[in-house]
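In: Provide a 3D model corresponding to the input given below.
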Amino acid sequence: MTTLIRFGVSLEKALLDKFDALIHEKQYTNRSEAIRDLLRENLVKKEWESNKEVTGAITLAYDHHKRELVNHLMNVQHDYHDTIISTQHIHLDHHNCLEVLVVKGKSQNAETLFHKLKSAKGVKHAGFTITTTGKNLH
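Out: Model (predicted):
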């Protein structure tokens, strides 16, 4: 069981007003939840910067008719088989596909994989969502 600690924070009124507006916009139930989320977000970024074991999702949109693109993407993925834990391939229409890769491992490996896939000629768009394995966050 975790122990809750209460502490005070001093802020300028204008900054607190902006924070409260953000809390309302993002639909947090209270300031504590918003602060916890901000803290966790920064801790996750630190995990990534420290090359810790992390997880994330890479998304790729591409035209599968682009010559040699599918083979190239598959070869890159095979090179990173120890980082990719799951893939999903979706046919969006006759030409376009969406591929989602769930990755887990050292952040540096995941980022290198992302950049290799994103830079492939024929990839229309690539996205990368970073997160944590949760082991170090409570």
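In: where in this structure is pLDDT low?
Out: The chain contains residues with pLDDT under 70 at 1, 138.
In: tabulate the CA atom coordinates of the longest helix seen in it in CSV.
Out: Longest helix in the chain by number of residues (criterion: DSSP state H): helix 31-49. What follows is helix 31-49, C-alpha atoms only, in CSV (Å, rounded to 0.1, in the frame of the first residue of the first chain):
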residue,chain,number,x,y,z
ARG,A,31,-5.2,19.4,-9.3
SER,A,32,-3.6,16.4,-7.6
GLU,A,33,-4.4,14.2,-10.6
ALA,A,34,-3.1,16.7,-13.0
ILE,A,35,0.1,17.1,-11.0
ARG,A,36,0.6,13.4,-10.7
ASP,A,37,0.2,13.1,-14.5
LEU,A,38,2.8,15.8,-15.2
LEU,A,39,5.2,14.2,-12.8
ARG,A,40,4.8,10.8,-14.4
GLU,A,41,5.2,12.2,-17.9
ASN,A,42,8.5,13.8,-17.0
LEU,A,43,9.7,10.6,-15.3
VAL,A,44,8.8,8.6,-18.4
LYS,A,45,10.9,11.1,-20.5
LYS,A,46,13.8,10.6,-18.1
GLU,A,47,13.5,6.8,-18.6
TRP,A,48,13.8,7.3,-22.3
GLU,A,49,16.7,9.7,-22.0
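In: okay, now the sheet partners of the helix or strand following it, with direction.
Out: Once the chain leaves helix 31-49, the next helix or strand it forms, by DSSP states H and E, is strand 53-63. Strand pairing for strand 53-63, determined by DSSP bridges: strand 96-106 (antiparallel), strand 123-132 (antiparallel).
In: strand 53-63 to helix 31-49, inter-axis angle?
Out: With axes from the mean of the first three to the mean of the last three Cα atoms, to 10 degrees applied, the angle from strand 53-63 to helix 31-49 works out at 80 degrees.
In: distance check, Ala126 against Glu68.
Out: Taking Cβ to Cβ, to the nearest Å as the measure, Ala126 falls 18 Å from Glu68. Using the backbone N, CA and C atoms, a C-beta is placed for each residue, glycine as well.
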